[in-house]
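Undergrad: Sequence and predicted structure below; questions after.
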Amino acid sequence: MRSSVIITALVLVFVPQCLAHKKEELIFDLSQEFMGQWLITRSVQFLKRPCTLAVFPKFTNWRLYYESSFTCPGWSDIKGTALTRCKLRTGEKAMQTFLAQAIEKRLFRRVDARNWLEQRSTVHERQANATLKNRVVER
């Protein structure tokens, strides 16, 4: 067998796995950022679009669960939902299901999402530096 055929076969096997891992990593990073926004402001902004997270307690078989839904009204009819025992985890899972569906429907490009995350981290760094400066000046 020719080496080019073997290399092509290996590329066809491993590239989709690599891309799937990058997709999962992006979804995780975005959901972490969304959760941070929601915990602080009770709202989420993604690519200049407002999104909402709703979390409700639900009793099933005498056990407390939390049911959540994550949507971005006016942008898409996609709705991420989840049901877990942990209030924060259910919100995060709803965000992740929303993001997975949005990527499948090509609502945004992965490059745009990565750039948005980088801009957010730069903003966080500036805010942290400003806070540290204020603390040093106060002493």
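TA: Okay, I see it.
Undergrad: Can you give me the buried ones in the lengthiest strand in the chain?
TA: In the chain, taking DSSP state E as the definition, the longest strand is strand 49-60. By neighbour count with 16 or more other CB atoms under 10 Å, strand 49-60 contains the buried residues 51, 53, 55. Using the backbone N, CA and C atoms, a C-beta is placed for each residue, glycine as well.
Undergrad: Redo those residues as JSON lines? Include distance to residue 41 and pLDDT.
TA: Converted to JSON lines, the buried residues of strand 49-60 look like this (distance: CB to CB, whole Å; pLDDT from 0 to 100):
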{"residue": "51", "distance to residue 41": "12", "pLDDT": "92"}
{"residue": "53", "distance to residue 41": "11", "pLDDT": "92"}
{"residue": "55", "distance to residue 41": "15", "pLDDT": "93"}
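Undergrad: so which of these would you say is closest to residue 106?
TA: residue 51 (17.6 Å; CB to CB).
Undergrad: I'd guessed the closest one sits against residue 42; true?
TA: No - using CB atoms under 8 Å as the test, residue 51 is too far from residue 42 to be in contact (11.6 Å).
Undergrad: circling back to that earlier point, list the buried residues in the helix or strand following the longest strand of the chain.
TA: For strand 49-60, the following helix or strand on the C-terminal side (DSSP states H and E) is strand 63-71. Neighbour-count burial for strand 63-71 flags 65, 66, 67, 68, 69, 70, 71 (criterion: 16+ other CB under 10 Å).
Undergrad: Show me which of those residues is closest to residue 116.
TA: Nearest member of the buried residues of strand 63-71 to residue 116, counting by CB to CB, is residue 70, at 16.6 Å.
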